[in-house]
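**Q** sequence first, then the predicted structure, then my questions.
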Amino acid sequence: MKSIKLATTKRATGKRNTKLIRKEGNIPGVYYIKGTDSIPISASPKALKDLVYTNEMSMVELSIEGDNQVYDCFLKDVTFDPINSQVIHFDLLGVVQGQELTVEIPIVLLGTPIGVRQSGGILQHTMRGVVISCLPKDLPNSIEIDVSQLNIGDSISLKDIAQPQFEFKAPEDSMIVNVAASRVSAKDEEEGEEEEDKGEEEEGEEEEE
């Protein structure tokens, strides 16, 4: 698993201080680890960019100004502004070796389905991330799924994914991806069936004559 270094500053808490941090162009966050007090921090949008806008999970090597220690952690949660989609808060979860983590992992699709390439179907990626529990050493960067053999009407759910090293925290019948018929292909199929029915009717009439 790749690592990303994140430089932060310890911050004061409270709504007034949080607003001031955002006004200065920085983003408030919290680092927490089981069994210890959380540490309120802030970081620049540039420092968070590679951590937030990615399709992979990364280990974070967190440094806090004035603290010589480097903390191993993961990005636990990100809050976006509903209007401009900018990051307004982030949570980092500290790693304790030997203790399970519960984090959301991105789901990455590989390949182009047969049903899309050959039949004009539409790929519907309904689940782009899933929460899992596992030991830190078993945490994957992402969950990769090969969809190249999917045809129209085919789908993949969590129950279809082999996951011996971690546990999904979502119902096993949760659909991840499916290939649906496009309106055009569905219409063509209906017209084909109508023509076939019409042909059979005409043949029946000729036989009666």
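**A** Happy to help now that I have it. Numbers count the residues shown, from 1 in each chain.
**Q** OK, contacts around residue 79?
**A** Residues in contact with residue 79 (CB atoms under 8 Å, 6 or more residues apart in numbering) are 87, 88, 89, 90. The way it works is simple: take the backbone N, C-alpha and C, and place the C-beta from them, glycine included.
**Q** may I see the residues you listed organised as JSON lines, with secondary structure and neighbour count added?
**A** Output for the contacts of residue 79, formatted as JSON lines (DSSP: H, G, I helix; E, B strand; the rest coil; neighbours: other CB atoms under 10 Å):
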{"residue": "87", "secondary structure": "strand", "neighbour count": "18"}
{"residue": "88", "secondary structure": "strand", "neighbour count": "16"}
{"residue": "89", "secondary structure": "strand", "neighbour count": "16"}
{"residue": "90", "secondary structure": "strand", "neighbour count": "23"}
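**Q** and residue 86, how many residues sit next to it?
**A** For residue 86, the neighbour count with other CB atoms under 10 Å is 10.
**Q** farthest pair within the contacts of residue 79?
**A** Between any two of those, the greatest separation by CB to CB is 8.7 Å, found for 88 and 90.
**Q** need the residues touching each of these two.
**A** Shared contacts of residue 88 and residue 90, defined by CB under 8 Å, 6+ apart, are found at 27, 79.
**Q** the nearest residue to residue 41 once chain neighbours are set aside: neighbour count?
**A** Once flanking residues are discounted, residue 41 sits nearest to residue 8: 4.1 Å by CB to CB, 6 or more residues apart in numbering. The burial metric for residue 8, expressed as a neighbour count using other CB under 10 Å, is 26.
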